[in-house]
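Asks: Sequence below, structure please.
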Amino acid sequence: MPPSVTRRPGTADAVVLGLAATLGAGVFGVWGPAAGAAGAWLPMAVVVAGRVQAGGETAHAGELLLFAHDGERMELIADEDSHVLILAGEPIDEPVVQYGPFVMNSLDEIRQAVTDVNAGRFGPIPD
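Replies: Next up, the predicted model:
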């Protein structure tokens, strides 16, 4: 049965791909971007359960494999039964500044966000 699909209007500045994959022990998985997108996407694999290898690196549950921006596909092999979340997105080509939970384009924007939170302009913070 195909997955259910919900269509909603909206806009996005960047396209993000998410794929959950279950790999049995010894299974080799290969994923690639849509035609024409090779080299433009920044892919990563989050190991949710198990242990997988890619490019000579091994990642366990709770770890991330970040792939270089130079390949046409991701290749993973499961050392044991594994569940992997594969994420990829188009680069945003903007400066990125991170501080705590805030991700902005400049230090001034970070300072403003902290000021706004402290002033209660982000809404109530749950206990």
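Asks: which helices and strands does the lowest-mean-pLDDT helix or strand in the chain pack with?
Replies: Between all helices and strands in the chain, the lowest mean by mean pLDDT, DSSP states H and E belongs to strand 28-31, at a mean of 80. Helices and strands touching strand 28-31, by 3 or more C-beta pairs under 8 Å, 6 or more residues apart in numbering; DSSP states H and E, are strand 16-23, strand 74-78. Quick note: C-beta positions are derived from backbone N, CA and C, even for glycine.
Asks: Redo those strands as TSV? Include mean pLDDT.
Replies: Output for the helices and strands packed on strand 28-31, formatted as TSV (pLDDT from 0 to 100):
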stretch	mean pLDDT
strand 16-23	85
strand 74-78	88
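Asks: among those strands, which is the most enclosed?
Replies: Across the helices and strands packed on strand 28-31, averaging neighbours per residue (mean count of other C-beta atoms under 10 Å) puts strand 74-78 on top, at a mean of 19.
Asks: returning to that earlier point: the helices and strands packed on strand 28-31: which one's closest to residue 99?
Replies: The closest of the helices and strands packed on strand 28-31 to residue 99 is strand 16-23. By C-beta to C-beta, the value is 22.6 Å.
Asks: and that closest one, how far from the chain's centre?
Replies: Centroid separation for strand 16-23 versus its chain: 10 Å, with C-alpha atoms, centre = their mean, to the nearest Å.
Asks: Just want the angle from that strand to strand 74-78.
Replies: Orientation note: strand 16-23 sits at an angle of 30 degrees relative to strand 74-78 (axes from the mean of the first three to the mean of the last three C-alpha atoms, to 10 degrees).
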